[in-house]
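K.L.:
Just to be clear, the model below is a prediction. Sequence and coordinates:
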Amino acid sequence: MSATTQAAVQIVIGGLLQGSLFALVALGFALVFRMTGVINLSQGAFCVLGALVCYSLQETLHLPVPLAILGSVLAALLFGLALGAAVFVPALSRLPNSSMLMLTAGLLTFTQGLMLVHWGGDPYALRPLSGEAPVQILGVRVPSQGFWIAATAAIVIAAFWYLFARTTLGKALQASAENPTAARLMGIDVERMAVMSFGLAAGIGALGGIMVAPILAVQFDTSQFFTISGFISVAIGGMGSFVGAVVGGLVLGVAEQLAAGYISGLFSSALALGLLLVTLLWKPSGLFAIGRARRSDVREELHVHPAIVRLRGRGAVGLGVAALAVILALPLLVRDPGLMGSLVITGILFIGVLGLDVLMGFAGQVSLGQGGFMAIGGYVAAILATTYGWPPLIGIALGCAASLVCALLLSLATVQLRGHYLALATLAFGLVVDSLDVGMMETTGGPSGLVGIPSFAIAGFSFDSDRSMYYLVVAIIVVLVLALIGGMRGAFGRALMAIRADRLAAGALGINVARVKMAAFAISAVLASLAGSLYAFYFHYLSPEMVGTQRSFEMITMLVIGGEGTLVGPLLGVGLLTLLPTLVQSLALYKILAEGLLLVLAFSFLPEGMFGGLARLAARCRERRAPALATGFQPRKEVP
Amino acid sequence: MSELALEVKGLTKTFGGLRAVDGVSFEIPAGSLSALIGPNGSGKTTLFNLITNLYRADAGEVRLFGAAMAEAGDWRIAVSGVVRTFQTARVFPGMTALENVLAGAHRHVRSAAWQQMLWLGGARDEERALAAQAEALLELVGLAPFRDTAATDLPMGAQKLLEVVRALMAKPRLLLLDEPAAGLNDGETAELALLLRAVRDSGVTLLVVEHNMSLVMGVADEVIVLDAGAVVARGSPAEIQRNPRVIEAYIGQVEAAR
């Protein structure tokens, strides 16, 4: 065998092994999706959780390996059952699908936060099950752990087949997936089946994580990699199809290894995104679509979005002016430079969250890649200003243009599809940008970041103090908020709200759903890009994790706990999550945990967010006087 | 001969083995009020979905005011002036009654999003004019007191009316109503009849799917009867009431069910 063939065989075998892992994660995805119709983003966290628990059982409690594996799979299973029973399944009957997706993002963040608190941010590797020595086959060396991965995948697949084809429990699961109402009438506890599938998926994920941990060291945020790989596998294979999950996983594994082997490791995540987009364009339902007829004139989403509480009229204008006065006066009151810095960051992040609000709060679309657009804006502006000495304003404009192009490409590929493909494409996009930030060492400075970025300057005036930057950001925010209020009160805003509420009915009134969605996505991407640029100019430094996927999730949390669809409400969420860690330094380690927990709690107890809660409270206090509160935007006359 | 608002030729749609619509042909002259009746499952709603491009036909052709639009997206149908309502009221949740009606005007809005964002005078004048029209329409059907109520908080009958008003706000040339009287009480149904006649008299062509026979017989110029996916009869309300095939296919069934 020649050296090139040998290399090719090596790569394909490596790909099949990696693919077996993806297949395991994808099976968990497919199971939960089939049972509940929800894409469970927390799936990847269970993989890492399994591996980390297994590590502790082996290294700290010194349990024998088989017991440690059994124990950690059980632990993940129980943890999954608990999350499923306490949070996920109860929410199914209350939240629309887009909120469910964000809820699972919250569960992912929460679980990652837990792991960060207990295991810290270091990578962990398990000992290989059968020694370090690789095995020779066909003249190539394969790590022996690879056979364990493949064997585990094969056993899980066989067990799946047996469960669904041969057991009563499998039939009950199947029935609940196909027709929950009929299953309920047959005496099947559909909710219990959903909880079980969630727990089972967690257990399978944990098993995958444990098997791969000897060759791929895992840390708390490897979860995102598992989640996106598993999701792309099921999307390629066909959502909800078990065969599709396995085939999709293998295809993705081989494709990634080929790209890494022949092009560059840098591009393997970009390739995964490309593969996803191509599949979606060519065969939107995946290779093994499970046919389920749906009447297209019946509302797609069982649970519609709740009404959004918005302030209106003179009261709103008065409150707005009062709030602005306080915001303008803040720098005169704040003496602590750390706090002042946090106020600037609050403002900058709020610009990005504003964009997210247009997309999510109004148009009802989810973006998990807001950090990716911040990164584009940040790096483009920073590199142009630092390396080439271009004026900051031009850098910001070019960053926005680059983000706009990416946003249009992403939405062109996904806009015609139902479901939350845009959301998942944005997640994949964010991870691609992450890996490019890290990988393009010469231009971005790699993981250690880009240093020496100048301050924002315009016409010779440099915004190099906290205070000048603060007022600049406030001015930008005032302009943006006024523009968005204008846009959202008019036909454009109504079109956005209409497609969020009912896509088909909106189309029947002549609203071009695809175009309106694209416009909303473009606005969100440009605002994120602007925020990213300002962030870089303010910090004089930019590193990948400042604008990474964790940031995307954080911005979703800020939006939801602040109050979706209210434009100004999210400021409360941004302020809370930015200022708290500054005021209470010891909280820093718990930040991710708190963000996940707050997002989950907000969905459970305060779906209208802090702004909505306060507005409701205010209305209750002066109920006897003229009602100043209504759901929805109000007629033009009352606002100047 | 007057212009045709709608021509349907040999339209066929099968779901699996079921021929939901089976070679249906008819035409609706502009300015008329036609009713489409037939027992449950006879293909009425499927026909609406085919006309508005929610479904792709297996065979046959639809012409709207002479134009074939089989390839166009559903929103283009509405932009061309053909607006429909749905069998179950599909008001927009999360929006007030007034906002729902205003959303109907979407195809007429001239000012662009950026003009609204800049608070330009022209855009605001247009919004004010639209709001006045929407309030007048709400007034017409007695929903004016509920203009700021969340649409989904209204009773079902009011939601159905709101949906009709929203469609009217789009100033359609051809209005397709899917069971507008479902969920209305007798008084509301009588008002709906008046409204439909007034709409017809203002020059709008209407095609109404309806089960309420007194409404159909009271307002329709022509009645088309569908059974098992095929047209079994058409004619004036009086002719239809005497037609033995109709009595067998439809009215006979209703009698038997009672």
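P.N.:
Noted; the coordinates are in hand. Residues are numbered from 1 along each chain as shown, chains lettered A, B, ... in the order given.
K.L.:
how about the nearest residue to residue A:462 once chain neighbours are set aside, what does it touch?
P.N.:
Of all residues not flanking residue A:462 in the chain, residue A:455 sits nearest, at 4.9 Å (CB to CB, 6 or more residues apart in numbering or on different chains). Backbone N, C-alpha and C define where each C-beta goes, glycine included. Listed by CB atoms under 8 Å, 6 or more residues apart in numbering or on different chains, the contact set of residue A:455 reads A:462, A:463, A:464, A:469, A:537, A:538, A:540.
K.L.:
Which elements pack onto the helix or strand hosting the first one?
P.N.:
Okay, so that is residue A:462. Assessed by DSSP states H and E, residue A:462 sits inside strand A:461-463. The helices and strands touching strand A:461-463, judged by 3 or more CB pairs under 8 Å, 6 or more residues apart in numbering or on different chains; DSSP states H and E, are strand A:456-458.
K.L.:
circling back: what are the buried residues along the helix or strand just after the strand holding residue A:462?
P.N.:
Downstream of strand A:461-463, the first helix or strand assigned by DSSP H and E is helix A:466-489. Across helix A:466-489, burial judged by 16 or more other CB atoms under 10 Å in any protein chain shown covers A:466, A:468-474, A:476-477, A:480-481, A:483-489.
K.L.:
for whatever helix or strand comes next after helix A:466-489, packing partners?
P.N.:
Downstream of helix A:466-489, the next assigned helix or strand under DSSP H and E is helix A:491-501. Counting contacts by 3+ CB pairs under 8 Å, 6+ apart, helix A:491-501 packs against helix A:503-507, helix A:513-539, helix B:97-104, helix B:113-117.
K.L.:
so how far is helix A:491-501 off the chain centroid?
P.N.:
24 Å (CA atoms, centre = their mean, to the nearest Å).
K.L.:
ok, now stretch A:79-89?
P.N.:
The chain centroid and the centroid of stretch A:79-89 are separated by 19 Å under CA atoms, centre = their mean.
K.L.:
Pull the residues that contact it.
P.N.:
A:36, A:38, A:40, A:42, A:46, A:49, A:103-104, A:107, A:111, A:191, A:194-203, A:600, A:604.
K.L.:
Return the subset of the residues you listed lying in helices.
P.N.:
Among the contacts of stretch A:79-89, DSSP state H puts A:36, A:46, A:49, A:103-104, A:107, A:111, A:191, A:194-203, A:600, A:604 in helices.
K.L.:
Please pick the buried ones from those.
P.N.:
A:36, A:46, A:49, A:103-104, A:107, A:111, A:191, A:194-203, A:600, A:604.
K.L.:
before we move on, the earlier item: the buried residues of helix A:466-489: which ones sit near chain B?
P.N.:
A:483, A:484, A:486, A:487, A:489 (CB under 8 Å from any CB of the partner chain).
K.L.:
For residue A:127, find the nearest of the helices and strands packed on helix A:491-501.
P.N.:
Shortest distance between residue A:127 and the helices and strands packed on helix A:491-501, using CB to CB, is found for helix A:513-539: 40.9 Å.
K.L.:
For the helix or strand following that closest one, name the packing helices and strands.
P.N.:
Where DSSP H and E defines the elements, the next helix or strand beyond helix A:513-539 is strand A:541-542. When contacts are defined as 3+ CB pairs under 8 Å, 6+ apart, strand A:541-542 sits against helix A:370-387, strand A:450-451.
K.L.:
how about the closest residue to residue A:600 other than its chain neighbours, what does it touch?
P.N.:
Counting by CB to CB, 6+ apart, residue A:600 lies nearest to residue A:106, which is 4.4 Å off, once chain neighbours are set aside. Applying CB under 8 Å, 6+ apart to residue A:106 gives the contacts A:557, A:596, A:597, A:599, A:600, A:603.
K.L.:
roughly how far is the helix or strand hosting the first one from the heart of the chain?
P.N.:
By that I understand residue A:557. Element membership for residue A:557, per DSSP H and E: helix A:549-562. When distances are taken as CA atoms, centre = their mean, helix A:549-562 is centred 9 Å away from the chain's centroid.
K.L.:
same question for that helix, mean pLDDT?
P.N.:
Summarised as a single mean, pLDDT over helix A:549-562 is 92.
K.L.:
Stretch A:519-530 too?
P.N.:
Per-residue scores along stretch A:519-530 average to 97.
K.L.:
what about the nearest residue to residue A:570 once chain neighbours are set aside, distance to chain B?
P.N.:
Spatial nearest neighbour of residue A:570, excluding adjacent residues (CB to CB, 6+ apart): residue A:562 at 3.6 Å. Distance from residue A:562 to chain B, counting by CB to the nearest CB, to the nearest Å: 17 Å.
K.L.:
Tell me the residues on the stretch 401-550 of chain A that lie near chain B, please.
P.N.:
So the stretch 401-550 of chain A meets chain B at A:482-484, A:486-487, A:489-495, A:497-498, A:500-502, A:504-514, A:519 (CB under 8 Å from any CB).
K.L.:
now the helices for the stretch 51-200 of chain B?
P.N.:
B:74-79, B:97-104, B:113-117, B:121-140, B:156-169, B:186-201 (DSSP state H, counting those that start in this stretch).
K.L.:
same for the second one, what does it pack against?
P.N.:
Going back to what we said before, that points to helix B:97-104. Checked by 3+ CB pairs under 8 Å, 6+ apart, helix B:97-104 has helix A:491-501, helix B:121-140, helix B:156-169 packed alongside it.
K.L.:
Would you mind giving the ones you listed as JSON lines with mean pLDDT and mean neighbour count added?
P.N.:
Formatted as JSON lines, the helices and strands packed on helix B:97-104 follow (pLDDT from 0 to 100; neighbours: other CB atoms under 10 Å in any protein chain shown):
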{"stretch": "helix A:491-501", "mean pLDDT": "92", "mean neighbour count": "27"}
{"stretch": "helix B:121-140", "mean pLDDT": "94", "mean neighbour count": "17"}
{"stretch": "helix B:156-169", "mean pLDDT": "93", "mean neighbour count": "23"}
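K.L.:
Those helices into JSON lines, with extra columns for distance to residue A:451?
P.N.:
Below are the helices and strands packed on helix B:97-104 laid out as JSON lines (distance: least, CB to CB, whole Å):
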{"stretch": "helix A:491-501", "distance to residue A:451": "40"}
{"stretch": "helix B:121-140", "distance to residue A:451": "46"}
{"stretch": "helix B:156-169", "distance to residue A:451": "57"}
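K.L.:
Which among these is found nearest to residue B:68?
P.N.:
Nearest of the helices and strands packed on helix B:97-104 (CB to CB): helix B:156-169, 23.0 Å.
K.L.:
Nearest residue to residue 58 in space, ignoring adjacent ones along the chain?
P.N.:
I'll assume chain A. residue A:68 (4.6 Å).
K.L.:
that's the wrong chain, I wanted chain B
P.N.:
residue B:12 (5.0 Å).
K.L.:
what does residue A:248 give?
P.N.:
That would be residue A:237: by CB to CB, 6+ apart, it lies 2.9 Å from residue A:248.
K.L.:
now residue B:217
P.N.:
Once flanking residues are discounted, residue B:217 sits nearest to residue B:237: 4.3 Å by CB to CB, 6+ apart.
K.L.:
which residues touch residue 224?
P.N.:
Chain wasn't specified; assuming chain A. Neighbours of residue A:224 in contact, by CB under 8 Å, 6+ apart: A:44, A:108, A:427, A:431, A:549.
K.L.:
not quite, I wanted chain B
P.N.:
B:26, B:34, B:35, B:36, B:37, B:231, B:233, B:234.
K.L.:
Tell me if I am right that it is in a strand.
P.N.:
Yes. Per DSSP: H, G, I helix; E, B strand; the rest coil, residue B:224 lies within a strand segment.
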